[in-house]
Structures are given as structure tokens and as C-alpha cells.
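Enquirer: Everything below, folded, please.
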Amino acid sequence: MPIIRRKLDPNTVYPTNIQYDPETDTVQTNVNGTFVDSPEADPRTQTTFPPRITANPGCDAAQSVSDAIKNQINQTIDAVNNAKTAFTIAGLILGLFTFGVFDIFIAIALGIANAMIDAGGTALAAALSDSTFDTLTCILFCHMNSSGRLKPGGLDASKTDVDTQIGGLGATIINAMLSLAGEGGINNIASLGMSTGDCSACDCGWCFTFDFTLADGGWNSFAQCGDVTTLIPGVGWKGGCNSCSYFDTSIEITFTGNLTSISYQGYMDAGSLFPDNGIEVNSTLVFSGAGAVGTYTRSATGSWPGLNHVQIFANCECATFTEIISVTFRGTGTNPFGDNNCE
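Expert: Down below sits the predicted model:
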């Protein structure tokens, strides 16, 4: 994608009928001489161009967005090295958007420009290398659907992955650009791009949910003070009042795979003085906390490669009861349970 350059003038930067309020991060339109909040006019939320039709729309879209951001950032680094003004650099940043009224976000662009000037060209070049943008391509690909659109929540998830997988100054600048673009801007850049990607090396991870209202999914009960947990069709795992005089629902599974996230949905019938819930991986407690009346979710994240033994328990007083309805695992590499059944 060619580098876009734009000369800014007051009419371009400040259209007469629309403006951006940086204090509230809100786009406003002029209605009878008064500017009022108009979130529907925000170009960051507007996907206006149809998706590209290619052999691999999701990958090509991700590559197009990554290439577009890379080209504009490289141009801004050159401008930093040549001691250009923040306003000039902001113009280059806004040049990423050949559609919509993104020029109203001059305040945001100036903020990014000043951050880049403060960092300096040498630090920027080191933090925003070719490999950085290869990583960005994979991050975007993993959060796009098969049509090349960001999935629901894909923007925030992408920014989280940028923080985790890229980090540092590179993540700060890239996430600022992604925030400036918004979901609409990213989708539109993807639609207008011409790049062809290769996402065969991208590890988007796996996701598998065990729905215990349907089957045990290979899980078993285990004993805290006697084994009192059974699987009830249509309900899930339900425990009982054990020999230690508290109600426990306790299940476990052993498998080999790279696990990064565990979440489960539990249920407690009524309030309890001691609603004790926990997740253990390989005999290490990775989550401990209270349950809640009704349906609730508890989770833990980490890195657990190889052979894993996972135990989950939900305890309470014998006057009430607990159930474990479902468990969702996420990880990297090959899904040890077969095809993904969640995102």
C-alpha cells in the first residue's frame, strides 16, 4: 500500500458541522447551532466498505491493516528523524485514513505525534521492526472472522495481545493507532487494502467448552471428604454434604496440552457463610475465592504446558448446594480435545 501524505488546513481539520470532544472522547454534530453528542457519526465505529473477496479474506485483511499501519509509522519515523513538527507528524498519522472524517481527531494524532517525538527515531525503529508487524498481522488475523472483519470484541482483544506479545514502546504506538482507527477504521482499511498475507505460522490458540448438561466430557469426580459428586443429565455436576460436614462439588481431568486459561460456570442455590471455590493445576491452587448465589463464573490464567491435572471444586454449607455447569479451556498449539467449539 502506498504511503499517504496529506496537507492539513483549518477547513480539513475542523469541519464546520462535526467535531471531536477529547474530554469525553465523543464525536459531536452541529444541530441548530449547538454541538450535541452523536456517537452514530463517529467514523471509528462505521464500517462502510464491503469486505474483500480473496482466497483467504481474514489473512489478507490482517496483512493489509498491518501493512498500512507500518507504512504510515515508517513515514512518521522519518519525519521524527528530520525534526518535523508534531503537527506535520499528526498529518502523516491521519493520512492512514482516506475515508471518513478522521481529521477531527487531530488532538489524538497530536498526542501520538508528541509521544513519537519524545521517544526519538532510533528507539521507534528498534521497537517497530519488520518482525513487530509480522506479530501484529498474526494478532489481527486471530481476531478477524473469515470475511476479514474484526470479531465482536476483537479490537480490545487485539490491543491486549499487542501489549502481551509486542509490549513496550512498540505496543504503545501500535495500540494508539488501533484506538484511533477503531473497529470501523480497521475494517475499512482491510477492505481497501491490496495485501496478500501468509498466516500459516500464526498460532491463534484453541478453545474448548465442556457442557456438563450434555455429557461428562472426560471429567470425573474426586473426593475431598468422600466422593459425593455425580453428573446429573441436564444439570451438570452436583455434589453432596460430605463426611466433613460441608457441601462439595469436585471434578477433575488429566490431559496433555498447552493450557493458558481456565474458566468455569458454577451455581449456588442460596447464601452460604463459607462459599469456597477453587481451581488447582498440577496440585497448585491457581484460583481461590467465593462463589455467588445463582449462576456465576470464576477463572484463572497462566501458562501450563505439557501434562496437566486440573481440579475444580465448589463448596458451601450443607444447608444449600453447588453445581458445576461447564468449563472452558483455552491454550496454544494443538487442541488436545479436538476441534474448537468456542472462540
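Enquirer: only C-alpha atoms for contact and neighbour calcs from this point on.
Expert: Fine.
Enquirer: For the strand or helix carrying Tyr296, which outside residues touch it?
Expert: Taking DSSP states H and E as the criterion, Tyr296 maps to strand 294-304. Strand 294-304 is contacted from outside by 258-270, 279, 281, 286-287, using CA atoms under 8 Å, 6 or more residues apart in numbering.
Enquirer: Tell me the secondary structure of Lys159, please.
Expert: Here Lys159 is helix, with the state taken from DSSP: H, G, I helix; E, B strand; the rest coil.
Enquirer: how near is it to Cys59?
Expert: Note on Lys159: its distance to Cys59, by CA to CA, to the nearest Å, is 18 Å.
Enquirer: which one of these two has more residues nearby?
Expert: The residue with more neighbours, out of Lys159 and Cys59, is Cys59; 28 against 22, by other CA atoms under 10 Å.
Enquirer: For Leu285, pull up the helix or strand it's in.
Expert: Per DSSP H and E: strand 284-290 holds Leu285.
Enquirer: actually Ala123, sorry about that
Expert: Going by DSSP H and E, Ala123 is in helix 121-127.
Enquirer: quick one: average pLDDT of that helix?
Expert: In this model, helix 121-127 has a mean pLDDT of 97.
Enquirer: what comes into contact with the helix or strand just after that helix?
Expert: Moving toward the C-terminus from helix 121-127, the next helix or strand (DSSP H and E) is helix 130-142. Residues from elsewhere that reach helix 130-142 (CA under 8 Å, 6+ apart): 58-59, 61-63, 65-67, 70, 150, 158, 161-162, 165-166, 170, 199, 202-204.
Enquirer: Quick check on the residues you listed: which are buried?
Expert: 58-59, 61-63, 65-67, 70, 150, 158, 161-162, 166, 170, 199, 204 (16 or more other CA atoms under 10 Å).
Enquirer: ranges for the helices of this structure?
Expert: Secondary structure of the chain, counting by DSSP state H: helices at 10-13, 57-81, 86-94, 106-119, 121-127, 130-142, 154-165, 168-192.
Enquirer: Looking at those helices, which is nearest to Ser250?
Expert: Of all the helices of the chain, helix 154-165 sits nearest to Ser250, with 31.8 Å by CA to CA.
Enquirer: name the helices or strands packed onto that closest one?
Expert: The contact analysis (3 or more CA pairs under 8 Å, 6 or more residues apart in numbering; DSSP states H and E) places helix 154-165 against helix 130-142, helix 168-192.
Enquirer: Show me the one of those that comes nearest Thr45.
Expert: So among the helices and strands packed on helix 154-165, helix 168-192 is nearest, using CA to CA, at 4.4 Å.
Enquirer: May I see the buried residues of the closest one?
Expert: 169-192.
Enquirer: hmm, what's the outermost residue in this structure?
Expert: Here the centre of the chain is the reference, and by CA atoms, centre = their mean the most remote residue is Ser243, at 43.9 Å.
Enquirer: right, and that one touches Ala223 too?
Expert: No - contact status for Ser243 versus Ala223: not in contact, 10.4 Å apart, counting by CA atoms under 8 Å.
Enquirer: Dump stretch 272-280 to PDB, restricted to CA.
Expert: Output of stretch 272-280 as PDB, limited to C-alpha atoms (Å, rounded to 0.1, in the frame of the first residue of the first chain):
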ATOM      1  CA  SER A 272     -23.600 -19.600  52.500                       C
ATOM      2  CA  LEU A 273     -21.200 -18.400  55.200                       C
ATOM      3  CA  PHE A 274     -18.400 -20.300  53.600                       C
ATOM      4  CA  PRO A 275     -18.800 -20.400  49.800                       C
ATOM      5  CA  ASP A 276     -15.300 -21.700  48.900                       C
ATOM      6  CA  ASN A 277     -14.400 -22.200  45.200                       C
ATOM      7  CA  GLY A 278     -11.000 -23.100  43.700                       C
ATOM      8  CA  ILE A 279      -9.100 -24.200  40.700                       C
ATOM      9  CA  GLU A 280      -5.900 -26.300  41.000                       C
END
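Enquirer: Give me the pLDDT value at the closest residue to Ser243 other than its chain neighbours.
Expert: Leaving aside its chain neighbours, Ser243 sits nearest to Cys225 (5.5 Å; criterion: CA to CA, 6 or more residues apart in numbering). Looking at Cys225, its pLDDT reads 94.
Enquirer: which ones are touching Cys225?
Expert: Asn242, Ser243, Cys244.
Enquirer: do the same with Ala90
Expert: Taking CA under 8 Å, 6+ apart as the test, what Ala90 contacts is Ile106, Ala109, Leu110, Ile112, Ala113.
Enquirer: Cys318 too?
Expert: By CA under 8 Å, 6+ apart, the contact list for Cys318 reads Gly240, Cys241, Ser245, Tyr246, Phe247.
Enquirer: mind redoing it with 10 Å?
Expert: By CA atoms under 10 Å, 6 or more residues apart in numbering, the contact set of Cys318 is Gly240, Cys241, Asn242, Ser245, Tyr246, Phe247, Asp248, Ser272.
Enquirer: which of those residues count as buried?
Expert: Gly240, Cys241, Asn242, Tyr246, Phe247, Asp248, Ser272.
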